[in-house]
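Engineer: Build me a model:
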Amino acid sequence: MKKKLLFVINTMGRAGAEMAMLELIRCLPAEQYEISLYVILSQGELVRELPSHVKVLNRTYCDTSVLSEKGRQHIHKTVIRSFFRNGRWFRKLFHLIAVAFEMKKREKFQLDKLLWRMISDGGEYPKEEYDLAIAYLEGGATYFTADHVRAKQKAAFVHIDYGSAGYSRRMDKNCYQKFDRIFAVSEEVRTSFLQVYPEWEAKTGIFHNIINRERILMLADREGGFSDKFEGIRLLTVGRLTYQKAYDIAITVMKRIKEAGYKARWYVLGEGDQREVLEKQIKSLGLERDFKLLGAVDNPYPYYKGCDIYVHATRFEGKSIAVQEAQVMGCAIVASDCNGNREQISDGKDGVLCGFSTEGIAGSIISLMEDEGKRKRLGEEAAKKRLENEEEMQQLLDLL
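Structural biologist: So this is what the prediction gives:
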């Protein structure tokens, strides 16, 4: 008999956690596991890359990006539908009001986190019982799996610096007590999670993202990548255009680099809700030719291959898939010295950790720009890092 596994995730957009889950699913033999997937917002383009044997439980599904105009319209419809589906309107409304007041008190209002509980309660509840249900993201996926999925065993994944990301006990309503195992993607992510939930220390372990090195290297050799024939230093960042990724700081760094007289260009692969704001900032600083927002691409690996320095100067981090991909590609990496980045990079050995400021980031980038030998050495060391983690998979399968 095949074991029945259910994965639950918020979206299937092209982002780090979604890519990591897709790689995890690819590692599970179809002859041993009957795999189902439920997507909380019922949309995202990565659904097209699922193995053919995976069953998507959503009755309707939108395979456009959550960041496209069509995708945003679909999200609005999903939110409205979720409020009315399955009843409990007053309960949903009360929770919205309570969490909104808490966010206002903390001066950290985040609409997505405010709505996750309501959206999960208004989802399509599966009728089957599963051998193992896996909530692969915080928020909606975790709430849904805890409250509305029947399974012999349940596991939850945590990918971010929990407190910095804005989650709280009131928001979660102690959902983690319903899980048999909690997996943090790094030691620092585990530490930050346990600062909020110290009582779950015994059942919280580490499950590093699974990266397919051979697949990345194969895709890097395909057509694509830079096409502008620029002959200076190429800087690359891959990630959504969000507050966390600190592109507003990166733009000021690029201005500093240009004023110092260096021939460089910064490219960003990703989409997000801050595009319009960032475009205005780029224009106001006269950086239209120097800081390029290229949008999301299906195959980012030729860009990694073609860049001189990969920059990941984020405000906070869990464990970045983009950094791992840059390491596979042997990139010289500059990253901010914060949780997550600190755990992935050994400063001065396989990358550079810098202070989170315009001066700190610019200084580290300029230092590497001036030292081709150091870039080569850091890239070679980064490519040696051990990224495959077969024992991680066993932790999950042990629950069966």
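Engineer: and Asp354, bridged to which residues?
Structural biologist: Quick fix: residue 354 is Cys, not Asp. Counting by DSSP bridges, Cys354 is bridged to Ser336.
Engineer: which residues touch stretch 370-379?
Structural biologist: Asp308, Ile309, Gly330, Cys331, Ala332, Ile333, Lys349, Asp350, Gly351, Val352, Ser367, Leu368 (CB atoms under 8 Å, 6 or more residues apart in numbering). C-beta coordinates here come from the backbone N, C-alpha and C atoms, glycine included.
Engineer: Return the subset of the residues you listed lying in helices.
Structural biologist: Among those, the members falling in helices (DSSP state H) are Ser367, Leu368.
Engineer: Now for the contacts of stretch 370-379, which sits with the most neighbours around it?
Structural biologist: The residue in the contacts of stretch 370-379 with the most neighbours, by other CB atoms under 10 Å, is Gly351 (28 neighbours).
Engineer: was I right about it contacting Arg342?
Structural biologist: No. Using CB atoms under 8 Å as the test, Gly351 is too far from Arg342 to be in contact (10.5 Å).
Engineer: Any idea how many residues pack against Asn339?
Structural biologist: Asn339 has 21 nearby residues by other CB under 10 Å.
Engineer: secondary structure class for it?
Structural biologist: coil (DSSP: H, G, I helix; E, B strand; the rest coil).
Engineer: what residue ranges in the stretch 301-400 of the chain score low on pLDDT?
Structural biologist: 386-391 (pLDDT under 70).
Engineer: Then the chain?
Structural biologist: 89, 103, 105-111, 386-391.
Engineer: what comes into contact with the longest strand seen in it?
Structural biologist: With secondary structure taken from DSSP state E, the chain has its longest strand at strand 150-158. Counting contacts by CB under 8 Å, 6+ apart, the residues outside strand 150-158 that touch it are 6, 17, 126, 128-138, 142, 145-146, 176, 178-185, 189-190, 193, 207, 318, 396, 399-400.
Engineer: 7 Å instead?
Structural biologist: Strand 150-158 has contacts (CB atoms under 7 Å, 6 or more residues apart in numbering) with 6, 129-138, 142, 145, 176, 178-185, 189, 193, 207, 396, 399-400.
Engineer: So how do I select the buried members of the residues you listed in ChimeraX?
Structural biologist: To isolate the buried subset of the contacts of strand 150-158 in ChimeraX, counting by 16 or more other CB atoms under 10 Å, use the following:
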select :6,130,131,132,133,134,135,136,137,138,142,145,176,178,179,181,182,183,184,185,189,193,207,396
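Engineer: Out of the contacts of strand 150-158, list just those in helices.
Structural biologist: Thr142, Thr145, Val189, Phe193, Leu396.
Engineer: Out of these, which is nearest to Pro29?
Structural biologist: Using CB to CB, Leu396 comes nearest to Pro29 of those, at 13.5 Å.
Engineer: residue contacts, the closest one?
Structural biologist: Counted by CB under 7 Å, 6+ apart, Leu396 has contacts Ala155.
Engineer: Tell me the spacing between it and Gly363.
Structural biologist: Between Leu396 and Gly363 the computed distance is 42 Å (CB to CB, to the nearest Å).
Engineer: Next: Cys62.
Structural biologist: Distance from Cys62 to Gly363, by CB to CB: 44 Å.
Engineer: can you give me the strands for this structure?
Structural biologist: Going by DSSP E, the chain shows strands at 3-9, 33-39, 55-56, 129-135, 150-158, 181-184, 204-206, 233-238, 264-269, 291-295, 309-312, 332-336, 352-354.
Engineer: can you list those in CSV and add distance to Val323?
Structural biologist: Converted to CSV, those look like this (distance: least, CB to CB, whole Å):
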stretch, distance to Val323
strand 3-9, 21
strand 33-39, 26
strand 55-56, 30
strand 129-135, 24
strand 150-158, 18
strand 181-184, 16
strand 204-206, 17
strand 233-238, 9
strand 264-269, 14
strand 291-295, 19
strand 309-312, 5
strand 332-336, 7
strand 352-354, 11
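Engineer: To Glu276, which of these lies closest?
Structural biologist: So among those, strand 291-295 is nearest, using CB to CB, at 10.5 Å.
Engineer: which strands and helices sit next to that closest one?
Structural biologist: strand 264-269, helix 275-284 (3 or more CB pairs under 7 Å, 6 or more residues apart in numbering; DSSP states H and E).
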